[in-house]
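S.K.: Prediction below, plus the sequence it came from.
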Amino acid sequence: MTTKKETKSKTAKPASKTGRKTARAAAKPADAIKLLKDDHKEVKGFFKQYEGLEDDAEKQALADKICLALTVHAQIEEEIFYPATREAIDDDDLLDEAEVEHASAKQLIAEIQAMKAGDRLFDAKVTVLGEYIDHHVEEEEGEMFPESRDSDLDLKQLGEQLAARKAELMAQAGM
């Protein structure tokens, strides 16, 4: 006979806090806009936290976390959210701009990932990436998301797809 304690210990839990959050999100998906806004809020918090750091090892770890979070977020938007939104709303310019903003952010992410904290311009690149992201988030949350919400998009179903893909990408990254 298995006791509750034994059953609990056999249940696999994701090792990291981020992994547990991602697993919970995949188990109980929010609508697409809520999921994406939650990502925005999390990353904004990371950038705010980065501003207060002095130690290069801590800066490196947080910059790595920022880059991973943004890479996964951009990928789920580009693979799932943007194509669905492009079909549902009549604002190709807004979606085209978002794709260009993603390309600029990805370039900066690649530059940051090729550097180490303490290198000349490392902090500046992280700061500028944060500024890019602030601008991008403003446009998404102020224009794209309201237009998406007013459309006939099934945001719940889209949220399920986004959460599943995000969980898959985070698992591939070992998170």
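M.R.: Yes, it's here.

S.K.: Could you check how far residue 80 is from residue 119?
M.R.: Applying Cβ to Cβ, to the nearest Å, the value for residue 80 to residue 119 is 35 Å. Placement of C-beta: from N, CA and C, glycine included.

S.K.: Residue 168 now?
M.R.: As defined by Cβ to Cβ, residue 168 lies at a distance of 32 Å from residue 119.

S.K.: Could you do residue 36 as well?
M.R.: Separation of residue 36 from residue 119 (Cβ to Cβ): 31 Å.

S.K.: list the contacts for the residue nearest in space to the middle of the chain?
M.R.: To find the centre residue of the chain, average its C-alpha atoms and take the closest one (Cα atoms, centre = their mean): that gives residue 73, at 3.2 Å. Applying Cβ atoms under 8 Å, 6 or more residues apart in numbering, one finds that residue 73 lies in contact with 36, 39, 43, 166.

S.K.: where in the chain is pLDDT low?
M.R.: Residues of the chain meeting the criterion pLDDT under 70: 1-29.

S.K.: Could I get the full set of strands for it?
M.R.: According to DSSP state E, the chain carries no segments that qualify as strands.

S.K.: mind listing the helices in it by residue range?
M.R.: When secondary structure is read from DSSP state H, the chain shows helices at 4-10, 17-27, 32-51, 56-76, 82-88, 92-113, 122-139, 145-150, 155-172.

S.K.: For the fourth one, list every residue counted as buried.
M.R.: Spelled out, it's helix 56-76. The neighbour-count check on helix 56-76 (16 or more other Cβ atoms under 10 Å) flags 59-60, 62-63, 65-74, 76 as buried.

S.K.: Could you check the angle that helix makes with helix 92-113?
M.R.: 150 degrees (axes from the mean of the first three to the mean of the last three Cα atoms, to 10 degrees).

S.K.: So what angle separates the directions of helix 56-76 and helix 32-51?
M.R.: 160 degrees.

S.K.: when you give positions from now on, start the count at 48
M.R.: Understood, numbering begins at 48; the last thing we discussed is helix 103-123.

S.K.: Mind exporting the C-alpha coordinates of helix 103-123 to CSV?
M.R.: Below are the C-alpha coordinates for helix 103-123, written out as CSV (Å, rounded to 0.1, in the frame of the first residue of the first chain):
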residue,chain,number,x,y,z
ASP,A,103,29.0,40.7,-12.5
ALA,A,104,28.0,37.1,-11.7
GLU,A,105,24.5,38.2,-10.7
LYS,A,106,24.2,40.5,-13.7
GLN,A,107,25.3,37.6,-16.0
ALA,A,108,22.7,35.2,-14.5
LEU,A,109,19.9,37.8,-14.8
ALA,A,110,20.9,38.8,-18.3
ASP,A,111,20.8,35.2,-19.3
LYS,A,112,17.3,34.8,-17.8
ILE,A,113,16.1,38.0,-19.6
CYS,A,114,17.5,36.7,-22.9
LEU,A,115,15.9,33.3,-22.5
ALA,A,116,12.5,34.8,-21.4
LEU,A,117,12.5,37.2,-24.4
THR,A,118,13.6,34.6,-26.9
VAL,A,119,10.8,32.2,-25.8
HIS,A,120,8.2,35.0,-25.7
ALA,A,121,9.1,36.2,-29.2
GLN,A,122,9.0,32.7,-30.6
ILE,A,123,5.6,31.9,-29.3
